[in-house]
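Engineer: no sequence for this one, just the structure:
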């Protein structure tokens, strides 16, 4: 049964929260990053980009140590403050009519090991070890693992009740997203939430597979070095943001391939005919609307590809996944893409206007062919995780994307 723990978060002072909170480091362009670092001294980006202070790009162990130093400076300057008692932290994100809410907590490494916390993506051992070393050096985690649970009216009722109080933070970021955060600190309500989650058989990782795997790796290391290990130490847990299934938003990744693997256009279409009924679409942009149905852009034209279910075998949850079907029927056998993660001939795109961007890239000659899919559902994610299977890389782009630096978990 799922264990969740309150924790004493390191948080921005209330008057600085809007300045501290940052998007994921990878989301900034070079110009944006330089601007934030130059004009916002409170940004969390100063901590994770410590070389800016010295006008130098710093990497590896040296960077990890400097991240720790910048973190200590934020504490010394009271930009960050530590809560006096363990809490859960209710956090709501909203833009326009869309709102999503969940809460920060500490989840158990033991639950991860025992598959109560379920995964649907593979991790790369090198990246696991790198991030585990980073966590060990800096001593904190500022990016929670996004996890989901089956909608529960009792949890919703508690969160709605807690939202009747004034929030600790209430601000809007430049992307017009509103942010609110409340502390859940009453012993009775903390125990109530813990009891509810003890009845849940599973939590599902939506985003953050490497972060959770690295936390597990670090916990095993610290356990082996601690002769007085009890299981209650902070390193036995990692920060997570729990959100009900209905509030997870899942988007698709398009696939674009640089060449047709030596085939001419007509030869390629003939190869596709084995597994797909192919129809050329006369209208403009064309996007699929159902499972096992793909959109393809090739040589200035859109095609619909309908899977021939009489020749394709469904054997398990993975075999029914559209990203896997595309790999098994086109990407690997025809286009020769064997390593979806590392092959430089394939690229991925996501976002509201990505079909347009895919078409433009192919029209410019940057790629030869592109494929669009319908988004994978939370039901499919759970089926993969429950079966102990692994999705192909870039199967899902999941929101919400959380700001870094609002709550920090120390080891």
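Structural biologist: Ah, there it is. On a predicted model such as this, the values are computed, not experimentally measured, just so you know.
Engineer: can you pull out the helices in the stretch 151-300 of the chain?
Structural biologist: 153-162, 187-198, 209-225, 265-272 (DSSP state H, counting those that start in this stretch).
Engineer: would CSV of these with mean pLDDT and distance to residue 315 be doable?
Structural biologist: Using the backbone N, CA and C atoms, a C-beta is placed for each residue, glycine as well. Supplementary listing: the helices of the stretch 151-300 of the chain in CSV, determined by pLDDT from 0 to 100; distance: least, CB to CB, whole Å:
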stretch, mean pLDDT, distance to residue 315
helix 153-162, 97, 36
helix 187-198, 98, 34
helix 209-225, 96, 24
helix 265-272, 98, 22
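Engineer: Export the ones you listed as CSV, with columns for mean neighbour count.
Structural biologist: Formatted as CSV, the helices of the stretch 151-300 of the chain follow (neighbours: other CB atoms under 10 Å):
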stretch, mean neighbour count
helix 153-162, 14
helix 187-198, 14
helix 209-225, 19
helix 265-272, 15
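Engineer: So for residue 371, which of these sits nearest?
Structural biologist: Across the helices of the stretch 151-300 of the chain, residue 371 has its closest neighbour in helix 265-272 (10.8 Å, CB to CB).
Engineer: Residues contacting the closest one, please?
Structural biologist: Helix 265-272 is contacted from outside by 260, 263, 278, 298-299, 305, 330, 334, 369, using CB atoms under 8 Å, 6 or more residues apart in numbering.
Engineer: Spit out the contact partners of residue 320.
Structural biologist: 291, 314, 380.
Engineer: and the last one, what element?
Structural biologist: This means residue 380. Of the helices and strands defined by DSSP states H and E, residue 380 is found in helix 378-386.
Engineer: What of the second one?
Structural biologist: When secondary structure is defined by DSSP H and E, residue 314 falls outside every helix and strand.
Engineer: ok, so what distance separates the residue nearest to it when sequence neighbours are not counted from residue 267?
Structural biologist: Nearest residue to residue 314, sequence neighbours excluded (CB to CB, 6 or more residues apart in numbering): residue 320, at 5.4 Å. Here the criterion is CB to CB, to the nearest Å. By it, residue 320 lies 29 Å from residue 267.
Engineer: rewinding a little: how about the helices of the stretch 151-300 of the chain in JSON lines, adding distance to residue 38?
Structural biologist: Output for the helices of the stretch 151-300 of the chain, formatted as JSON lines (distance: least, CB to CB, whole Å):
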{"stretch": "helix 153-162", "distance to residue 38": "38"}
{"stretch": "helix 187-198", "distance to residue 38": "41"}
{"stretch": "helix 209-225", "distance to residue 38": "29"}
{"stretch": "helix 265-272", "distance to residue 38": "49"}
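Engineer: Can you pull the phi/psi pair for the nearest residue to residue 66 once chain neighbours are set aside?
Structural biologist: Closest residue in space to residue 66, ignoring its immediate chain neighbours: residue 50 at 3.6 Å, by CB to CB, 6+ apart. Backbone torsions of residue 50, given as degrees, to the nearest 10, read phi -70, psi -20.
Engineer: Quick one: neighbours of residue 50, just the number.
Structural biologist: Residue 50: 22 surrounding residues under other CB atoms under 10 Å.
Engineer: pretty sure it contacts residue 59?
Structural biologist: No. Look at residue 50 against residue 59 with CB atoms under 8 Å: they stay out of range, at 10.8 Å.
Engineer: center of this structure, which residue is that?
Structural biologist: residue 207 (2.9 Å; CA atoms, centre = their mean).
Engineer: Bridge partners for that one, pull those for me.
Structural biologist: Beta-bridge partners for residue 207, by DSSP bridges, are residue 146.
Engineer: measure the nearest residue in space to residue 366 that is not next to it in sequence to residue 107 for me?
Structural biologist: Using CB to CB, 6+ apart and skipping the chain neighbours, the partner closest in space to residue 366 is residue 258 (7.6 Å). Distance, residue 258 to residue 107, by CB to CB: 41 Å.
Engineer: Which one's more surrounded, the two?
Structural biologist: residue 107 (27 against 17).
Engineer: now the helix or strand where that one lies: mean pLDDT?
Structural biologist: Residue 107 is part of strand 98-108 when elements are defined by DSSP H and E. Strand 98-108 carries an average pLDDT of 95.
Engineer: Please give the centre-to-centre distance between it and its chain.
Structural biologist: 13 Å (CA atoms, centre = their mean, to the nearest Å).
Engineer: Would you mind listing the outside residues contacting it?
Structural biologist: So strand 98-108 is contacted by 2-7, 9, 88-94, 116-117, 144-145, 147, 159, 163, 184, 193, 203, 234, 236-244, 247, 249, 399-400, 407, 409 (CB under 8 Å, 6+ apart).
Engineer: Could you rerun that using 6 Å?
Structural biologist: 3-5, 7, 88-90, 92-93, 144, 237, 240-243, 247, 400, 407 (CB atoms under 6 Å, 6 or more residues apart in numbering).
Engineer: of all the contacts of residue 320, which comes closest to residue 34?
Structural biologist: Taking CB to CB as the measure, residue 34 sits nearest to residue 380 out of these, at 40.3 Å.
Engineer: ok, now how distant is that closest one from residue 293?
Structural biologist: 15 Å.
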